[in-house]
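Peer 1: Based on what follows, work out the 3D shape:
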Amino acid sequence: MKIKITFFAVILLCQISFAQQKDTIASREKLSEVVVTGQFEPQSIKKSVFNVRVITKENIKQLAANNLADVLNQYLNISVTSNGNDGRSKVSMFGLDSQYFKILIDNIPLVSDTGMGTSVDLTQVNLDDVERIEIIEGSMGVTHGANAVSGILNIITKKGGGYKWQIGAAVQEETVGDEFAFFDKGRHIQSAKIGHNFNDNWFVNIGGNRNVMAGYYDNMQGKDYDKNDGLRGYTQLPKEQLVGNAILGYQKDAFRIFYKFDYYGETVDYYNPVVNIQDNYPFADTYFSRDKRYITNRYYHHLNANGNLFSKLKYNVSVSQQKQERDLENFVYHIDAKQEVDNKRFTYQSKEVFYSTGTLSNFFENEKVDFQLGYEITNENGFYDSSVGPFRNDNQQGVNIRKRLENYDVFSVAEIAVNDKFSIRPGLRFSFQSAFDNQYASSLGLRYLFEKGLEARASLGKSYRTPNFDELYTYFVDSNHNMQGNSDLIPETSTSYEVSLKRACTFDSGAQISNNLAVTYLDVDDRIDLVTTQVNPLHYKYLNINRYKMWNISTVEQYTYKNWNVMLGAAVVGISRRLDLAAQNLVSDDKFFYSFRLNSSISYNIPKWNTLLAVFYKYNGKQQQYAAGTDTDGKAGFFLDELLPFSWMDASVRKTFFKNKFEVTVGARNLFDVTNLQSVQNGGGGDASGGAHGGGGATSEMLGYGRSYFLKLSYNLNFN
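Peer 2: Numbering: from 1, shown residues only. The predicted structure is shown next:
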């Protein structure tokens, strides 16, 4: 009851703020902010039929964000979780994991282990060349294809600039929890970039970044610890990331073309807690361990051209080729000599993707009607080596899984301006699939502009998610395990509805206020889960057995006055998860469980000192859901899992010197010192993926490595 009162108090505050506005208010400058995601062409955010949220370059700078995880930690409807074993971070929106949320760079989905744009490791997305981030919540299957179920995130990168030369460099030192040393502990980041406009038409940007995280020790003792008591190694593994990017562009009149190249390299070191003793008689015994190194290399090519065809039609075509390889290097580490021997390296996962998308629009001379035709081609070709994961091919151990997945999509969207206030946007996509039945997606968007700056939007979207590699091909069977994928899985289907009200105004005093109130409903059918198919002995298999429903009501209020900028957001999320285990004749309760979420930020600018103070806060309330599992007697059933609430706060102080050329940012992340997200299983076992545990109890999932502090120094020089 307290949560509901708090939430509706926030909504009441928003409505009171509207009532206090004068009839003579003017639109805020922010309404003219240009967005591109899901649009026919770049246009102001006010004209967009979609409810687009924007994370600006200024927001990213205030957070001193190293990667996408640092930014999304503060987003209202998104949760970020980390894996201590490999340091990866994944995103979850509306309670659905990263398989349902699509991440793009300049409208191109980013390759990952199991898909295109989904299950992306957020720590592998560098932000050095980012201009802004655009997020649309809800199904976007028509414009962005498979797996755009809970939403999409589009990273817009910098292209050219207003100066002939732009040169920048930055260094950042950051603690990992309370651990720091310039070489052996903490996080150490260096970056550099240079941009040059050759003339009014040609430009080039080149940049690089090195990010070293020396590991999180916590209660572990590092790689040179020689006692066999389980304390050797790290709680979160050491990681080094290298990023390089370049973009070459040309523009003249309405024609624009650019080629973008990105390289990403990552090395993650795993140090085995098991220490082996080697007899060295007559000298003292020596110690060694069998360790591993995971190496990732990703290459990204993107060629885009857009302009006018036959002087009237507008085209936008992108061609992308991406390749990602993961290598495993096994070696023996002699602890006394601090030396590696017997290094053996091989590629265990490789994926190469050809991707192309294009659109034609502006078919009619009538400004009130526009029509867009588009296509999308995805061709994925790769393999997974069974020696590093639970994969077998045709039930034969040691044989690589090699698969090619293709889809060829066509879509069409229309925008109809019934009058100056009312717009309609219907859309339809048809996807020809190589591995599944052909799929389709549809959408309908409505926008109405009321008096006094009030904007109303409504949308209906039908989309789909195709099964990933693990769900299709996992085969892990021995004397203790029987866990299988299912090549007969069918794609999940989803329907989403959203209604939103938005208003942004300026008062005579100069104060500016905006509010975005949204209600979203999402229904996912044939959802895939790993479930118990046999109790004795235990067998698990991926099946289409789940139905998932979610509704969300959220409001974001932003207030700006003189040097103050305050934002407050709140959301109530209700989730129903229905599990149907036909083999055991069991069906779970489909009741809704509710959680409350809050985020806020406040910043104050001190012009006299060229200083900006900023604080960011986010609260995630308790989350509950049913999961399939077995009790202590081995009986299958459904049990209630609870994720306990937690809060996250970041703060920073940024000061500029020498006419804004030199910038110093100091701050802290995770001020409440959160490390693990506690999960309580009531009455039995079960986890979110349908795996089983015996009995009740509590587990924990790593969220972060506690409170950390950072110092960032950056220098930017622009001249003509």
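
Peer 1: Gly151 contacts Leu96, doesn't it?
Peer 2: No - using Cβ atoms under 8 Å, Gly151 is not in contact with Leu96, being 9.3 Å away. Any C-beta I mention is one placed from the backbone N, CA and C, and that applies to glycine too.

Peer 1: For those two, indicate the residue with more neighbours.
Peer 2: Gly151 (25 against 21; other Cβ atoms under 10 Å).

Peer 1: The residue nearest in space to the middle of the chain: which element?
Peer 2: Central residue of the chain (Cα atoms, centre = their mean): Val91, 4.6 Å from the mean position. According to DSSP states H and E, Val91 maps onto strand 89-93.

Peer 1: do Asp70 as well
Peer 2: Assigned by DSSP H and E, Asp70 falls in helix 68-72.

Peer 1: Now Tyr271, what are its backbone angles?
Peer 2: Per-residue torsions, Tyr271: phi -110, psi 120 (degrees, to the nearest 10).

Peer 1: My guess is it contacts Asp291. True?
Peer 2: Yes - proximity of Tyr271 to Asp291 meets the contact threshold set by Cβ under 8 Å, at 5.2 Å.

Peer 1: what do the two both touch?
Peer 2: Jointly contacting Tyr271 and Asp291 under the rule Cβ atoms under 8 Å, 6 or more residues apart in numbering are Lys223, Tyr333.

Peer 1: which one of the two has more residues nearby?
Peer 2: The residue with more neighbours, out of Tyr271 and Asp291, is Tyr271; 23 against 18, by other Cβ under 10 Å.

Peer 1: buried set for stretch 357-364?
Peer 2: Thr357, Gly358, Thr359, Leu360, Ser361, Asn362 (16 or more other Cβ atoms under 10 Å).

Peer 1: ok, back up a step: helices or strands next to the helix holding Asp70 in the packing?
Peer 2: Applying 3 or more Cβ pairs under 8 Å, 6 or more residues apart in numbering; DSSP states H and E, we find helix 68-72 packed against helix 57-63, strand 78-82.

Peer 1: Next, format those as JSON lines and append distance to Asn330 and mean pLDDT.
Peer 2: Putting those into JSON lines (distance: least, Cβ to Cβ, whole Å; pLDDT from 0 to 100) gives the following:
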{"stretch": "helix 57-63", "distance to Asn330": "38", "mean pLDDT": "87"}
{"stretch": "strand 78-82", "distance to Asn330": "25", "mean pLDDT": "82"}
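
Peer 1: deepest of those, which one?
Peer 2: Stretch with highest mean neighbour count among these: strand 78-82 (a mean of 21; mean count of other Cβ atoms under 10 Å).

Peer 1: That one pairs with which strands, and in what direction?
Peer 2: Strand 78-82 pairs in its sheet with strand 89-93 (antiparallel), by DSSP bridges.

Peer 1: So Glu131 sits against Gly160, correct?
Peer 2: No - with contact defined as Cβ under 8 Å, Glu131 does not count as touching Gly160 (10.6 Å).

Peer 1: so after the worst-scoring helix or strand of the chain on mean pLDDT, what's the next helix or strand?
Peer 2: In the chain, no helix or strand scores lower on mean pLDDT, DSSP states H and E than helix 2-19, which sits at a mean of 41. Once the chain leaves helix 2-19, the next helix or strand it forms, by DSSP H and E, is strand 34-35.

Peer 1: partners of that next one, with directions?
Peer 2: By DSSP bridges, strand 34-35 pairs with strand 43-44 (antiparallel).

Peer 1: Quick one: mean pLDDT over the strand it pairs with.
Peer 2: Strand 43-44 comes out with an average pLDDT of 87.

Peer 1: for the residue lying farthest from the centre of the chain, phi and psi?
Peer 2: Here the chain reaches farthest from its C-alpha mean at Pro282, the gap being 56.5 Å by Cα atoms, centre = their mean. Dihedral angles of Pro282 (phi, psi; degrees, to the nearest 10) stand at phi -90, psi 10.

Peer 1: Go through the helix or strand that Lys712 is a member of and flag the buried ones.
Peer 2: Element membership for Lys712 (DSSP H and E) is strand 708-719. Residues of strand 708-719 classed as buried: Ser708, Tyr709, Phe710, Lys712, Ser714 (neighbour count, 16+ other Cβ under 10 Å).

Peer 1: Double-check the last one against Gln190; I have them as touching.
Peer 2: Spelled out, it's Ser714. No - here Ser714 does not reach Gln190: they are 10.9 Å apart, not a contact under Cβ under 8 Å.

Peer 1: Between the two, which contacts overlap?
Peer 2: In contact with both Ser714 and Gln190: Ala169, Ala170, Val171, using Cβ under 8 Å, 6+ apart.

Peer 1: contacting residues for the last one?
Peer 2: Yep, that's Val171 we're talking about. Ile189, Gln190, Ser191, Lys712, Leu713, Ser714.

Peer 1: What of the first one?
Peer 2: Applying Cβ under 8 Å, 6+ apart, we find Ala169 in contact with Gln190, Ser191, Ala192, Lys193, Ser714, Tyr715.

Peer 1: If we use 6 Å, what do you get?
Peer 2: Contacts for Ala169 (Cβ atoms under 6 Å, 6 or more residues apart in numbering) come out as Ala192, Tyr715.

Peer 1: can you check the one 3 residues further on too?
Peer 2: Taking Cβ under 6 Å, 6+ apart, we find Gln172 in contact with Ile189, Lys712.

Peer 1: same thing but at 7 Å, please
Peer 2: Contacts for Gln172 (Cβ atoms under 7 Å, 6 or more residues apart in numbering) come out as Ala64, Ile189, Phe710, Leu711, Lys712.

Peer 1: need the next SSE after whichever strand or helix holds it, C-terminal direction.
Peer 2: Assessed by DSSP H and E, Gln172 sits inside strand 165-174. Next in sequence after strand 165-174, counting helices and strands by DSSP H and E, comes strand 187-197.

Peer 1: For that next one, list the C-alpha coordinates in CSV.
Peer 2: The C-alpha trace of strand 187-197 is given here as CSV (Å, rounded to 0.1, in the frame of the first residue of the first chain):
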residue,chain,number,x,y,z
ARG,A,187,40.7,0.0,-13.4
HIS,A,188,43.0,2.0,-15.7
ILE,A,189,41.7,3.6,-18.9
GLN,A,190,43.4,5.6,-21.6
SER,A,191,41.8,6.9,-24.8
ALA,A,192,42.7,9.2,-27.7
LYS,A,193,40.8,10.5,-30.8
ILE,A,194,41.4,12.8,-33.7
GLY,A,195,39.0,14.2,-36.3
HIS,A,196,39.7,16.2,-39.4
ASN,A,197,37.4,17.9,-41.9
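
Peer 1: Partner strands of that strand, with direction?
Peer 2: Strand 187-197 is paired, per DSSP bridges, with strand 165-174 (antiparallel), strand 202-213 (antiparallel).

Peer 1: Of those strands, which is nearest Val615?
Peer 2: Nearest to Val615 among the strands paired with strand 187-197 is strand 165-174 (18.0 Å), distances taken as Cβ to Cβ.

Peer 1: and that closest one, how far from the chain's centre?
Peer 2: Its chain's C-alpha centre and that of strand 165-174 lie 25 Å apart, by Cα atoms, centre = their mean, to the nearest Å.

Peer 1: Could you do stretch 193-209 as well?
Peer 2: 28 Å.

Peer 1: State the mean pLDDT of it.
Peer 2: Average pLDDT, stretch 193-209: 95.

Peer 1: Same question for stretch 647-655.
Peer 2: 95.

Peer 1: buried ones in it?
Peer 2: In stretch 647-655, counting by 16+ other Cβ under 10 Å, buried: Trp648, Met649, Asp650, Ala651, Ser652, Arg654.

Peer 1: Need phi/psi at Val111.
Peer 2: phi -70, psi 140.

Peer 1: who's it bridged to?
Peer 2: Applying DSSP bridges, one finds that Val111 bridges with Met116.

Peer 1: do you know how far it is from Val176?
Peer 2: 28 Å (Cβ to Cβ, to the nearest Å).

Peer 1: Please apply the same query to Asn304.
Peer 2: Taking Cβ to Cβ, one finds Asn304 at 38 Å from Val176.

Peer 1: mind listing the helices for the stretch 351-500 of the chain?
Peer 2: Using DSSP state H, counting those that start in this stretch, the helices of the stretch 351-500 of the chain run over 469-473.
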